[in-house]
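Undergrad: predicted model and sequence below, questions to follow.
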Amino acid sequence: MQGFLFLSPGLLLILAFFIIPAVVTAVMGFTSLDYRFKWDFVGLGNYYRMVRDYLIPRILVNTLVYTFGTLGIFNVTFGLILALLTTSVGERAGLFFRALWLLPRFTPPVVYAAIWLWILSPTKNGLLNGLRAAVGLSPVAWISQHPWGVIIITNGIIGASMGMLVFASAIKAIPRDYLWAARVDGASWFQEVRHIILPLIRWPLMFITAYQTLSLLTSYEYILLITQGGPFHASEVWSLYAYNLAFSSYSGTYPFGYAAALATVLVVIGAVASVIYWRIFKFREMMAPPRIETV
Amino acid sequence: MASLRLEGLTKRFGNVVAVNGLSLAVDDGGFIALLGPSGCGKTTTLLMIAGIYRPTAGKIYFDDVLMNDVAPKDRYVGLVFQSYALYPHMTVFQNIAFPLRLAKRSREEIERKVKEVAALTKIEKLLARRPGQLSGGQQQRVALCRALVKEPEILLLDEPLSNLDARLRIETRAEIKRLQRELGITTILVTHDQVEAMTMAERIAVMHDGVLQQYDPPGVLYDRPKNLFVASFIGDPPMNLVPVRVLEQGGRLILSADGFQFSLGEELREGLSPLVGQEVVLGLRPEDLLLSREERPEGIPGEVFLTEPLGGGILVHFAFGEVKLRVLAPREQPVEVGDRLWIVPQGEKVHVFGPDGRSLREADAAA
């Protein structure tokens, strides 16, 4: 009982900011709430509409490609590469490059997106097209021709810094005796990474994979700012679709109820993904106190 | 197997000089110890030999081949860390097999060699366990196996016994010595424990503040310490070091301090004559002093101030004003606090260190 008392500030916050909004969203998903703000319950109406929505299959595929593409290429792999490189080049240089890579995190998303819009601009004044012009090539409409590349790269460049930070500190926490022992045992840098570093940062790797999956599933701000989900829903992901339905003049009626139903589905997908990760990565083991004491 | 030669080896970390102009040689198959207090540069030296640290200056030769620019993996050294550094995610077998796997040896060869070396240290039954499931002594053996399995040119041991309990340490000491003899591997032991160094190594390099103080067999270090540092570091209980003034009285040299007088024989006369009137340090090992109840002309009369029974003997303390002397008396000799006794030094075992800290013994001065 006392335990709950100590936990109560945290529990209240979780209740106010996570549980209540989720419940409200779920309830809203059973209404036909729109710009008229009338809470008319329509049962499973919104879900029936979702099944018939011809855009949904496309958006589902988009969401999976975006989430696992960004995760696999950037947030885990590229973050790991950055961490390995910045921990191999000496303390000061490593710190400098990590700080550099963190800059976009401190930049307001709108500014970050504006920079990308300039880099990718279809006019000859954009950075990339400017470079192409310099070698005599014609401009390319990067965003409309390669919407997928664009949203994965723009999200990945910023997303990799989280993995980089966590992995870099995990690598630096490895007792240097292990790395020295491996070197004396005959390991090259790659063998050191493969046989010593990667197994020893297994938990942070799995944590970042799980955490970033959930975070990518629900994030859409850079897509909204750079491609708006276009062209023609080509880069529209689940969370952005819900946002666009609810808050842009997309359909003209602001169907909050339907958007809430979409958001509820996303909550369920997230919850299922968490459980799957919890099981396959054996997070219970990570949370448990160690069974052995190592000297 | 290889011989090892260090020439003017120096390592600086920023403004700190960890090792300063270290030169020494180890014969093929030799067993030496680097001995000194923590921070004296002994582990830094070891890591330079292994190739982990790059020397700031100086040269490292294995068998007359310059090794300075050779990567650690190409030096063929075995290194046992103080922490053992067993890879926690690998079993004992995988740990020991790791150097062979990296060397791309065949599966059968790895299997055979790991079993061989495990048998040597009697850990065959532990091969399937993980390091976390082993005791300190077992981990130590696994670390030794991992260093030995690749048949290194040189075996480097960094404080291999310091994490073991007292009894295990004595057993392991003998075990490592036996293994080194059997395998004939050139071995360098880093330790801060003089007993470890004295019992295991053929020669000991005593280091202090990054500088080599003396490099000699254990017996020589004990009998003929070259300077005050070696004299005070080697020996347990430590040598009595008494600051005294050199005086000349009736043609004899006297070492004198407040309430304390010591008259010298002919032994050190030559070295001391120029120092009349100056301060020197008299060094007397507690075990080289005898106690007598009868008056002895060469003895120093004193009153017992404190006794400490050590089991094998009794450490008897005397006080002469500011000067304190400890004498190791045999257990059979009954000594009580307050007894008035004669402390009798043995001429050839008296050490005197000049104002620069160097021993005045002619034999040492010549060396």
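TA: Arrived safely, thanks for sending.

Undergrad: switch to C-alpha atoms for all contacts and neighbour counts from now on
TA: Will do.

Undergrad: after the helix or strand residue B:48 falls within, which helix or strand is next?
TA: According to DSSP states H and E, residue B:48 maps onto helix B:42-50. Of the helices and strands lying after helix B:42-50 in sequence (DSSP H and E), the nearest is strand B:57-62.

Undergrad: is that next one anywhere near chain A?
TA: No: against chain A, strand B:57-62 shows no contacts by Cα under 8 Å from any Cα of the partner chain, the least distance being 15.6 Å.

Undergrad: which other residues reach that strand?
TA: Strand B:57-62 is contacted by residues B:2-11, B:21, B:49, B:66-68 when judged by Cα atoms under 8 Å, 6 or more residues apart in numbering or on different chains.

Undergrad: what sits against whichever residue of chain A sits closest to chain B?
TA: Closest approach between chain A and chain B, counting by Cα to the nearest Cα: residue A:186, at 3.8 Å. By Cα under 8 Å, 6+ apart, residue A:186 lies in contact with B:72, B:73, B:74, B:99, B:102, B:103.

Undergrad: Three-state assignment for it, please.
TA: The three-state label given to residue A:186 by DSSP: H, G, I helix; E, B strand; the rest coil is coil.

Undergrad: again with residue A:39
TA: coil.

Undergrad: burial of the residue nearest to it when sequence neighbours are not counted, as a residue count?
TA: Nearest non-adjacent residue to residue A:39, counting by Cα to Cα, 6 or more residues apart in numbering or on different chains: residue A:33, 5.4 Å away. Using other Cα atoms under 10 Å in any protein chain shown, residue A:33 is surrounded by 22 other residues.

Undergrad: same check, this time on the one 3 residues further on
TA: Close neighbours of residue A:36, defined as other Cα under 10 Å, add up to 10.

Undergrad: measure it to residue B:253 for me?
TA: When distance is defined by Cα to Cα, to the nearest Å, residue A:36 is 116 Å away from residue B:253.

Undergrad: enumerate every residue touching the closest residue to chain A within the stretch 151-300 of chain B.
TA: In the stretch 151-300 of chain B, the residue that lies nearest chain A is residue B:163 (9.0 Å; Cα to the nearest Cα). By Cα under 8 Å, 6+ apart, the residues touching residue B:163 are B:82, B:83, B:136.

Undergrad: next: residue A:256.
TA: Contacts for residue A:256 (Cα under 8 Å, 6+ apart) come out as A:28, A:32, A:33, A:34, A:35, A:245, A:246.

Undergrad: next, it: phi, psi?
TA: In terms of degrees, to the nearest 10, the main-chain angles of residue A:256 are phi -60, psi -40.

Undergrad: check the one 4 residues further on too.
TA: The phi and psi torsions at residue A:260 (degrees, to the nearest 10) take the values phi -60, psi -40.

Undergrad: report the secondary structure state of the residue nearest to residue A:235 when sequence neighbours are not counted.
TA: Excluding the flanking residues, the one nearest residue A:235 by Cα to Cα, 6+ apart is residue A:229, at 4.5 Å. For residue A:229, the assignment made with three-state DSSP gives coil.

Undergrad: so residue A:87 makes contact with residue A:170?
TA: No: the pair residue A:87 / residue A:170 is not scored as a contact, 10.3 Å apart, by Cα atoms under 8 Å.

Undergrad: how near is the closest residue in space to residue A:31 that isn't next to it in sequence to residue B:318?
TA: Once flanking residues are discounted, residue A:31 sits nearest to residue A:41: 4.2 Å by Cα to Cα, 6+ apart. Residue A:41 is 101 Å from residue B:318, where distance means Cα to Cα.

Undergrad: between those two, who's got more neighbours?
TA: Higher neighbour count among residue A:41 and residue B:318: residue B:318, with 23 against 15, using other Cα under 10 Å.

Undergrad: wait, a helix at the more buried one?
TA: No: counting by three-state DSSP, one finds residue B:318 to be strand, located in no helix.

Undergrad: test my guess that residue B:33 contacts residue B:199.
TA: No: counting by Cα under 8 Å, residue B:33 stays clear of residue B:199, with 10.1 Å between them.

Undergrad: between the two, which has more neighbouring residues?
TA: Taking other Cα under 10 Å, residue B:33 and residue B:199 do not tie; residue B:33 has more neighbours (29 against 13).

Undergrad: report the beta-bridge partners for that one.
TA: residue B:189, residue B:204 (DSSP bridges).
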